[in-house]
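Visitor: the sequence and its predicted three-dimensional model are supplied below.
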Amino acid sequence: GESIPVDKVVGDQLFAGTINEQGVLEFTVTGKRGNTTLDRIIKTVQEAQGSRAPTQRFIYSFARYYTPAVVVIALLVAVTPTLFGQPFLPWLYKALVLLVIACPCALVISTPVTVVSGLAAAAKLGILIKGGAHLESGRKLTLIALDKTGTLTHGEPKVTKVVALHDHHEDLVKQLAASLDSTSAHPIAKAIIASWSGSLIKIDNFESLTGRGVTGIFEGNVFYLGNHRLIEEKGICCDHVHDAIEPIEKAGQSLVLLANAKEVMGVFAVSDTVRNDSTEAVRRLHDLGLKVVMLTGDNQATAQSIGRQVGIDVIKFEMLPEHKLEVVRQAEASGEHVGMVGDGVNDAPALAASTVGFAMGAAGTDTAIETADVALMDDDLRKLPEYIVLSRKTSTILKQNITFALMVKFAFFALALSGTATLWMAVFADLGASLIVVANGLRLRRLSNLAD
C-alpha cells in the first residue's frame with residue numbers, strides 16, 4: 001500500500017506479493033498454506049460477496065400479484081352483476097375493457113427500457129456498470145471510501161521540488177543527480193532521471209551504497225546521491241540542509257540529497273503526485289452531499305499530505321486489506337451506504353463488501369475489476385459523481401414512469417366500471433401509456449456532463 005518503496009532490515013515482516021526493487025532478498029516463510037496475505041484476501045472477498053442480499057426489483061414483485069388480482073376482479077365484474085339480475089353482455093364488455101386497460105405492459109416495460117438507457121448513457125460516459133441493480137444502488141450512497149495510491153494519485157513517484165544549496169545551479173544539480181541514477185531501476189531513481197530533460201554526463205567509479213544511495217566521480221570530484229543518513233555519515237550536513245528538508249519531511253515526501261565531498265549541493269523532494277481530476281471529483285462529491293473517506297496502506301505523513309490537498313473529510317492510514325474491509329462494514333452497520341473505490345488486490349475485500357464497488361478501469365488489477373460492480377474507464381475519478389447523478393436521474397425517471405402508468409390504470413379502472421370507457425379507448429390508453437414511458441426512459445441516453 002505504500003506509494004514509495006520502503007526500506008526493510010533484518011527482522012522486518014514482509015507481505016506476500018512484496019516487490020523487491022534491488023539486491024538479493026532472503027526471507028523465511030512464517031505463514032502456513034491458507035493463511036498467507038493473498039489467501040486471506042481471497043477468503044474475505046468470498047465472505048463479503050456471499051453476505052450480500054440479492055436486489056429485489058419492486059416492479060416484478062408487484063406484477064406477480066397485480067396480474068392475477070386483475071384477472072379475478074375482471075371475472076367478478078363480468079359474473080357478479082348477473083347473479084342480481086343484470087344483463088350479462090354489458091358487464092362482460094366492461095370486464096374486457098378492464099382487462100385491456102389493466103394490462104401491465106407500461107409498468108413492466110418502463111423498468112428495463114429505463115435501466116438499459118441508463119447503462120447505455122453510462123457506457124457513453126466511460127462508466128462500465130455490471131447490471132441494472134448496481135445502476136439503481138448509486139442513488140443510495142452516502143459515503144465514498146477512496147484508496148490513495150493509484151486512485152487519488154498516479155501511483156508513480158515524481159520529483160515535486162528541487163532546492164539548490166550553497167550557490168550551486170539547479171540545472172547542474174539535476175544533471176549530476178540524473179547521471180548518478182542513470183543505471184538504477186529504483187522508482188525514486190527513475191523519478192530523478194525524469195526530472196532532467198538534458199544530456200547525461202559520464203560517471204566514473206560508480207558504486208551503490210546499500211541502504212544509503214550511490215556515489216561516483218566526475219572530473220576528479222566525488223559526488224554522493226542518497227538519503228539524509230548518508231549525508232550525516234559523511235559529516236557534510238549543516239543547518240542550511242536541515243532548514244531545506246524540514247518542510248519536505250513535514251509534507252510526508254521522500255528526500256534525496258546530492259553532495260560533493262565538502263557540502264550538500266541540492267535536495268530533491270519525491271512523492272506520489274495527485275491526479276489532476278481528484279480534487280475536482282472530491283469537490284463534486286461534497287456538492288452532492290456525500291462524505292469522503294480515504295483508506296490507504298501508506299504512512300501517516302504521506303496520507304495526511306495527500307488528503308489535505310484533495311479535501312478528504314476523514315483520513316485513515318497504514319491499513320491492511322482486512323482493516324479496509326472492517327471500516328466499510330462498520331460504516332454500513334451504522335446506516336451508511338458505502339461506495340468503495342480502489343485499484344489493487346488489497347482493495348478487493350472492501351470492494352466486495354460495499355454497497356457499490358468501483359474499480360479504476362485502466363490501472364486497476366484484474367482482481368479489483370472482477371470484484372467491483374462499476375469500472376471507471378480512463379481512470380478518471382470525475383466519472384464517480386457522474387455515475388451518482390446518473391443513478392439518481394434513473395431512479396427519478398423510474399418513479400415517474402411507474403407513477404404515470406399506475407395513475408392511467410386507476411383512472412381507466414374508474415371509467416371502465418362506470419361504463420364511460422370503451423374498448424378502443426382502453427387500447428389507445430394502454431398503448432399510449434407504454435409509448436410515453438418508453439420515450440421518457442430513453443431520455444437518459446441523451447444526457448451528458450451529468451456532474452456539471
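Guide: Arrived safely.

Visitor: give me the low-pLDDT residue ranges for this structure?
Guide: Along the chain, the model assigns pLDDT under 70 to residues 1-4, 22-23, 34-63, 102, 362-365, 416-417, 419, 421, 424, 447-452.

Visitor: just confirm Leu325 is within a helix.
Guide: Yes - Leu325 forms part of a helix when assessed by DSSP: H, G, I helix; E, B strand; the rest coil.

Visitor: helix or strand: which one has the residue lying closest to it once chain neighbours are set aside?
Guide: Nearest non-adjacent residue to Leu325, counting by Cβ to Cβ, 6 or more residues apart in numbering: Pro349, 4.1 Å away. Yep, even glycine has a C-beta here, placed from its N, CA and C like the rest. Element membership for Pro349, per DSSP states H and E: helix 348-353.

Visitor: with Thr183 instead?
Guide: Applying DSSP H and E, one finds Thr183 in no helix or strand.

Visitor: ok, it - contacts?
Guide: Phe206 (Cβ atoms under 8 Å, 6 or more residues apart in numbering).

Visitor: burial count for Glu156?
Guide: Residues near Glu156, counting by other Cβ atoms under 10 Å, number 14.

Visitor: what pairs with whichever strand or helix holds it, parallel or antiparallel?
Guide: Using DSSP H and E, Glu156 sits in strand 153-164. Partner strands and pairing direction for strand 153-164 (DSSP bridges) are strand 264-274 (antiparallel).

Visitor: I'd like the next helix or strand past the partner strand.
Guide: helix 278-287.

Visitor: the residue lying closest to Glu249 once chain neighbours are set aside: what secondary structure?
Guide: Excluding its sequence neighbours, the residue lying closest to Glu249 (Cβ to Cβ, 6+ apart) is Leu255, at 6.8 Å. The three-state assignment at Leu255 reads strand, by three-state DSSP.

Visitor: Leu200 now?
Guide: Once three-state DSSP is applied, Leu200 turns out coil.

Visitor: what residues are up against it?
Guide: 175, 178-179, 182.

Visitor: ok, Ala194 touching Val159?
Guide: Yes - counting by Cβ atoms under 8 Å, Val159 is a contact partner of Ala194 at 7.3 Å.

Visitor: more neighbours, these two?
Guide: Val159 (23 against 13).

Visitor: and the most centrally placed residue in the chain, what is it in contact with?
Guide: With distances taken as Cα atoms, centre = their mean, the residue of the chain nearest its centroid is Val341 (2.5 Å). By Cβ under 8 Å, 6+ apart, the residues touching Val341 are 144-147, 151, 358-360, 376, 381, 384.

Visitor: just the buried subset of those, please.
Guide: Taking 16 or more other Cβ atoms under 10 Å as the criterion, what is buried in the contacts of Val341 is 144-147, 151, 358-360, 376, 381, 384.

Visitor: show me the strands in the stretch 351-452 of the chain, by range?
Guide: Counting by DSSP state E, counting those that start in this stretch, the stretch 351-452 of the chain has strands at residues 356-360, 374-376.

Visitor: tabulate these (TSV), appending distance to Lys32.
Guide: Conversion of the strands of the stretch 351-452 of the chain to TSV gives the following (distance: least, Cβ to Cβ, whole Å):
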stretch	distance to Lys32
strand 356-360	30
strand 374-376	35
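
Visitor: to Val71, which of those lies closest?
Guide: strand 356-360 (38.6 Å; Cβ to Cβ).

Visitor: now that closest one against strand 153-164, angle please.
Guide: 50 degrees (axes from the mean of the first three to the mean of the last three Cα atoms, to 10 degrees).

Visitor: what helices and strands are in contact with strand 356-360?
Guide: strand 338-342, helix 348-353, helix 366-371, strand 374-376 (3 or more Cβ pairs under 8 Å, 6 or more residues apart in numbering; DSSP states H and E).

Visitor: one step back: wouldn't the residue nearest to Leu325 be in contact with Lys324 here?
Guide: Yes - Pro349 is within contact range of Lys324, at 6.8 Å (criterion: Cβ under 8 Å).

Visitor: nearest to Lys409, out of the strands of the stretch 351-452 of the chain?
Guide: Nearest of those (Cβ to Cβ): strand 356-360, 32.9 Å.

Visitor: what lines up beside the closest one in the sheet?
Guide: strand 338-342 (parallel), strand 374-376 (parallel).

Visitor: and the first one, how far out from the chain middle?
Guide: In terms of Cα atoms, centre = their mean, to the nearest Å, the centre of strand 338-342 is found 5 Å from the chain centre.

Visitor: now do that strand against helix 278-287, angle only.
Guide: Going by the same axes, to 10 degrees, strand 338-342 makes 170 degrees with helix 278-287.

Visitor: for strand 338-342, list every residue counted as buried.
Guide: Buried residues in strand 338-342 (16+ other Cβ under 10 Å): 338-342.

Visitor: put the alpha carbons of it into PDB.
Guide: This file holds the C-alpha atoms of strand 338-342, laid out as PDB (Å, rounded to 0.1, in the frame of the first residue of the first chain):
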ATOM      1  CA  VAL A 338     -20.800   3.000   1.100                       C
ATOM      2  CA  GLY A 339     -19.200   3.300  -2.300                       C
ATOM      3  CA  MET A 340     -15.600   1.900  -2.200                       C
ATOM      4  CA  VAL A 341     -13.100   3.000  -4.900                       C
ATOM      5  CA  GLY A 342      -9.900   1.100  -5.400                       C
END
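
Visitor: alright, that wraps it up for me.
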